[in-house]
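[1] Need coordinates for the below:
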Amino acid sequence: MENLLEIRHLQKRFPVKAGPLKRTVAQVHAVEDVSFSIGQGETFGLVGESGCGKTTIGKLILQLQRADSGEILYRGENLNALPKQALQRRRREIQMVFQDPYGSLNPKMRVRTILSEGIRKHRLLPREEIPARVAELLNLVGLHEGDGEKYPHEFSGGQRQRVVVARALSFSPRLIVCDEPVSALDVSVQAQVLNLLADLQERLGVSYLFIAHGMAAVKHISKRVGVMYLGKLVEAAPTESLFQNFAHPYTQALLSSVPEADPLCRKEQIILEGEVPSPISPPGGCRFHPRCRYACPRCRTEEPQPQAWQEDHWVACHFPAVFRTGESAPAQ
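    Down below sits the predicted model:
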């Protein structure tokens with residue numbers, strides 16, 4: 001499969017300023033040496049706790065923020081190095097669906113205005129063809145043509161998220177960054193939106209970067225999954241391989257929190273002890289070692305490098321899947 005997007009060694013840090021002169025006294029290590037790819041018509045799930053850098057990666061891809069180093073290759077072009085006009089053309093092909101559908105819609109605009117605004121600004125269609133395109137977009141996401149006359153507050157949360165998806169589709173994008181698009185919705189509505197995204201992908205061939213902190217939603221929609229912790233990608237694999245043959249202790253903890261549909265199925269829920277370390281001063285060695293029940297002295301001093309675990313499945317851990325043996329990691 002040809003890669004539509006390829007991220008190479010991406011890094012982003014934010015300065016922490018203090019004092020009357022607002023001098024930089026520290027840096028927040030938001031994204032550190034992250035690499036992955038997304039194929040045409042594929043969904044790559046990015047999962048992890050709040051504050052691990054998932055949303056920052058989405059903003060870097062859209063160039064809402066600029067990376068400190070690394071490459072963001074979209075269709076072979078490095079977005080970080082494109083001039084302004086060329087970047088604006090590429091931005092039409094990369095859109096975003098935000099977490100809060102109400103906060104991302106202008107409450108003073110009717111839906112038809114919201115959906116037509118981008119089309120007019122970028123002159124994608126003649127003015128007389130825009131109403132038909134708006135009606136087409138509403139039907140595409142399961143709304144009615146008459147809904148274009150309503151304001152955002154007149155919709156339910158799930159319907160508003162459908163409007164946000166329709167706005168993203170108005171540019172005919174190749175890639176959509178979905179930043180926790182169902183976390184603000186009721187569970188029953190979450191399934192409807194996920195099914196909508198999957199249906200649109202099948203019909204339009206669009207690719208998704210699906211950002212979430214819940215493993216269940218990621219499993220439902222993603223072909224491949226990357227697990228992030230404190231700015232680092234610690235494991236990445238095809239979805240089935242990750243859920244059945246996970247190799248990193250942090251992935252194990254995330255999966256243990258997914259509820260089982262079978263009431264007779266009992267499994268241990270792993271509660272991670274301690275707080276997430278500060279991204280201003282991340283721990284040395286493996287960043288997960290302060291909360292890892294299998295950590296050994298090597299984990300505290302030496303940073304693990306990505307290594308192949310299975311086919312197209314890699315993990316950044318000194319002792320991958322040591323928890324499957326029921327033993328502690330070697331004392332080295």
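
[2] Count the residues that sit near A86.
    For A86, the neighbour count with other C-beta atoms under 10 Å is 12. Where C-beta positions appear, they are placed from N, C-alpha and C, glycine not excepted.

[3] Likewise for E129?
    Neighbour number of E129 under other C-beta under 10 Å is 11.

[4] Equivalent analysis for P101, please.
    The burial count for P101: 25, using other C-beta under 10 Å.

[5] before we move on, could you check phi and psi at it?
    phi -60, psi -30 (degrees, to the nearest 10).

[6] isn't it right up against R167?
    No: counting by C-beta atoms under 8 Å, P101 stays clear of R167, with 10.2 Å between them.

[7] buried ones in stretch 17-36?
    Neighbour-count burial for stretch 17-36 flags V28, H29, A30, V31, E32, D33, V34, F36 (criterion: 16 or more other C-beta atoms under 10 Å).

[8] Actually, stretch 199-216.
    L200, Q201, V206, S207, Y208, L209, F210, I211, A212, H213, G214, M215.

[9] Name the nearest of those residues relative to Y250.
    M215 (11.6 Å; C-beta to C-beta).

[10] Next one: that closest one from I221, what distance?
    12 Å (C-beta to C-beta, to the nearest Å).

[11] Next: G148.
    Taking C-beta to C-beta, one finds G148 at 27 Å from I221.

[12] Give me the phi and psi for the residue nearest the centre of the chain.
    In the chain, the centroid-proximal residue (C-alpha atoms, centre = their mean) is I211; its distance is 2.3 Å. As for I211, its main-chain torsions (degrees, to the nearest 10) stand at phi -100, psi 130.

[13] from the buried residues of stretch 199-216, which is closest to P306?
    L209 (19.5 Å).

[14] which phi and psi does that closest one have?
    phi -100, psi 110.

[15] Look up phi and psi at the closest residue to it other than its chain neighbours.
    Leaving aside its sequence neighbours, L209 sits nearest to V177 (C-beta to C-beta, 6 or more residues apart in numbering; 4.8 Å). Dihedral pair for V177: phi -90, psi 110, per degrees, to the nearest 10.

[16] just V227 next, same as before
    Phi and psi for V227, reported as degrees, to the nearest 10, are phi -110, psi 130.

[17] For it, give its distance to V218.
    9 Å.

[18] next one: L73
    On the measure of C-beta to C-beta, L73 and V218 end up 24 Å apart.

[19] Please apply the same query to P126.
    40 Å.

[20] ok, now which ones touch C286?
    Shown in contact with C286 (C-beta atoms under 8 Å, 6 or more residues apart in numbering): C292, A295, C299, R300, E302, E303, P304, A316, C317, H318.

[21] which of those residues sit farthest apart?
    Farthest pair in the contacts of C286, by C-beta to C-beta: R300 and A316, 15.2 Å.

[22] Which one's more surrounded, those two?
    More neighbours surround A316 than the other of R300 and A316, with 23 against 13 (other C-beta under 10 Å).

[23] Need the pLDDT of that one.
    Looking at A316, its pLDDT is 95.

[24] what bridges to W314?
    A236, A308 (DSSP bridges).

[25] to the chain's geometric centre, what's the distance from the strand or helix carrying R133?
    Per DSSP states H and E, R133 falls inside helix 130-140. Chain-centre distance of helix 130-140: 28 Å, with C-alpha atoms, centre = their mean, to the nearest Å.

[26] What is the subsequent helix or strand relative to it?
    Taking DSSP H and E, what comes next after helix 130-140 is helix 157-169.
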